[in-house]
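[1] Here is the input, now give the coordinates:
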Amino acid sequence: MRQLRYFGVLGCVLIALSAFSLALLLPTDLALMWLPLTLLVWLYVWRHCQQRLHLNHPADSDLMYASLGHGNCVTLLRGLLIAVTAGFLLPAMLLPLPTALLYVPAVAYTAAALGDALDGVLARRQQQVSRLGAELDTTLDALGLLVAPLLAVITGKLHVSYLLVSIAYYLFVWGLRWRRLHNKAVYPLPPSQLRRQLAGWQMGLVATALWPPIPGSVTQVLGVLFMIPLLTGFWRDWLAVSGRRGTSPGKAS
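    This is a model prediction of the structure:
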């Protein structure tokens, strides 16, 4: 789709301009360290969307939409903001970053987290809710909760144990693939409003932790408290999809 190609090129241009601006304001080596991972994550987001363009239709119909729609465009913008955040991982690991510079990933990820509520609203208002949007949204939620907490751990704002939240989704998906590969039954997840709320709380916590004025002594404790219900939820969901809790054999896939 031409619209997606334009979006990909625009993202690369904005990233290049941002790297140039960083090089003007900061030592060149910081900008050079920021650029590659930012581009890599953005290309991952773009490629993920490209591979799933065939899902740009409603859940109850195979009729494709003519455009990505406002909701998916906002979701892609969230992916670009997560890529901007990811660019700071390598510099933060190798150098003590100026406090003023840490506001950039804080603003970027906070905007990405706020956009998580906006993209769905826009899709429903435009009457263009799609399977593509649902998959992109889940993928970017997980990607953001991998990238931003890792940066928060590196900068001392979250305890390293919080990375269990970052890998929980990927372990869950890997577990489903493993069961299907070995011809084991996979049961549908029971509907749950709490599942979405828990993910939203994590994004809010991580966004807050990235802001330099918030003391790490506070956000580290909050991180441990927030991750317990989320990990418990993943465990309950795993028991459900693996047939160990509240499932019917006839519903397995």
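[2] Model confidence for the closest residue to Met227 other than its chain neighbours, exactly?
    The shortest distance from Met227 to any non-neighbouring residue, by Cβ to Cβ, 6 or more residues apart in numbering, is to Val165 (4.8 Å). Backbone N, C-alpha and C define where each C-beta goes, glycine included. pLDDT for Val165: 94.
[3] so what's Val165 up against?
    Residues near Val165 by Cβ atoms under 8 Å, 6 or more residues apart in numbering: 145, 149, 202, 227, 230-231.
[4] out of these, what pair is the most spread apart?
    The most widely separated members of these, counting by Cβ to Cβ, are Pro149 and Leu231 (13.2 Å).
[5] More neighbours: which of the two?
    Pro149 (28 against 14; other Cβ atoms under 10 Å).
[6] ok, Ala117 to Met203 distance?
    10 Å (Cβ to Cβ, to the nearest Å).
[7] Equivalent analysis for Ser192, please.
    Per Cβ to Cβ, Ser192 is found 17 Å from Met203.
[8] Those two: which has the busier surroundings?
    Taking neighbours as other Cβ under 10 Å, Ser192 and Met203 compare with Met203 leading, 20 against 13.
[9] Not counting sequence-adjacent ones, nearest residue to Val129?
    Val129's closest residue in space is Ala123 (Cβ to Cβ, 6+ apart), at 4.8 Å.
[10] Mind listing what's buried along the helix or strand hosting the one you found?
    Assigned by DSSP states H and E, Ala123 falls within helix 99-125. Neighbour-count burial for helix 99-125 flags 101-102, 104-113, 115-116, 118-120, 122-123 (criterion: 16 or more other Cβ atoms under 10 Å).
[11] what does stretch 224-244 give?
    The neighbour-count check on stretch 224-244 (16+ other Cβ under 10 Å) flags 226-227, 230, 233-234, 236-238, 240-243 as buried.
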